[in-house]
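Student: The amino acid sequence is not available; the structure is as follows:
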């Protein structure tokens, strides 16, 4: 989504929000229980981690974090950690903030739509590469169908194997 201006346009609507500083390696949002908070990156770079796996590094001012938890009313799906010194605008009640019809909601929608487009493109490419396989890669069809049509997957992710009791 970088380059379409949506993230930078978000900064125009941050006036009056508290600006918070984070040291390198400090956690803005921890994966797990919802905090209700959302952050908008002003300066610096952050890392997004799912478990111990880094899935993204973001340094574009106006990038938003915590919006998925606020919109879906669930736990935070990833940890957001400062990769450098960071300043970010803090929104304490993200759900109420977005329900107010703030202009930022439009930009959140554009950013999320771009992420969905990118994920769908990736899954379609993955599906094409592994077409005809009967192993767990066959689930790609179901996941892609859920993203495009039903919007909620009918499958559960994870392994069906039982763990080794000797470990």
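Tutor: Done, it's in. Everything numeric here is computed off the predicted structure, so don't read it as measured data.

Student: Run a quick neighbour tally on the closest residue to residue 102 other than its chain neighbours.
Tutor: With sequence-adjacent residues excluded and distances taken as Cβ to Cβ, 6 or more residues apart in numbering, residue 102 is closest to residue 13, at 6.4 Å. No exception for glycine: its C-beta is placed from N, CA and C like everyone else's. Neighbours of residue 13 under the rule other Cβ atoms under 10 Å: 17.

Student: Could you report the pLDDT at residue 13?
Tutor: On the pLDDT scale, residue 13 is placed at 86.

Student: And it, how far from residue 39?
Tutor: Separation of residue 13 from residue 39 (Cβ to Cβ, to the nearest Å): 14 Å.

Student: do residue 95 as well
Tutor: Counting by Cβ to Cβ, the gap from residue 95 to residue 39 is 14 Å.

Student: how about the residue nearest to residue 102, what does it touch?
Tutor: Taking Cβ atoms under 8 Å, 6 or more residues apart in numbering, we find residue 13 in contact with 102-104, 107.

Student: So which bits of the top helix by length along the chain are buried?
Tutor: Longest helix in the chain by number of residues (criterion: DSSP state H): helix 104-129. Applying a neighbour-count criterion of 16 or more other Cβ atoms under 10 Å, one finds 104-105, 107-108, 110-111, 123, 127 buried in helix 104-129.

Student: circling back to that earlier point, the more surrounded of residue 95 and residue 39?
Tutor: Using other Cβ under 10 Å, the more surrounded residue of residue 95 and residue 39 is residue 39, with 23 against 17.

Student: my guess is the more buried one is in a strand, correct?
Tutor: Yes: the assignment for residue 39 (DSSP: H, G, I helix; E, B strand; the rest coil) places it in a strand.

Student: What residues of the helix or strand hosting residue 20 count as buried?
Tutor: Using DSSP states H and E, residue 20 sits within strand 19-22. Of all the residues in strand 19-22, those buried under the rule 16+ other Cβ under 10 Å are residue 22.
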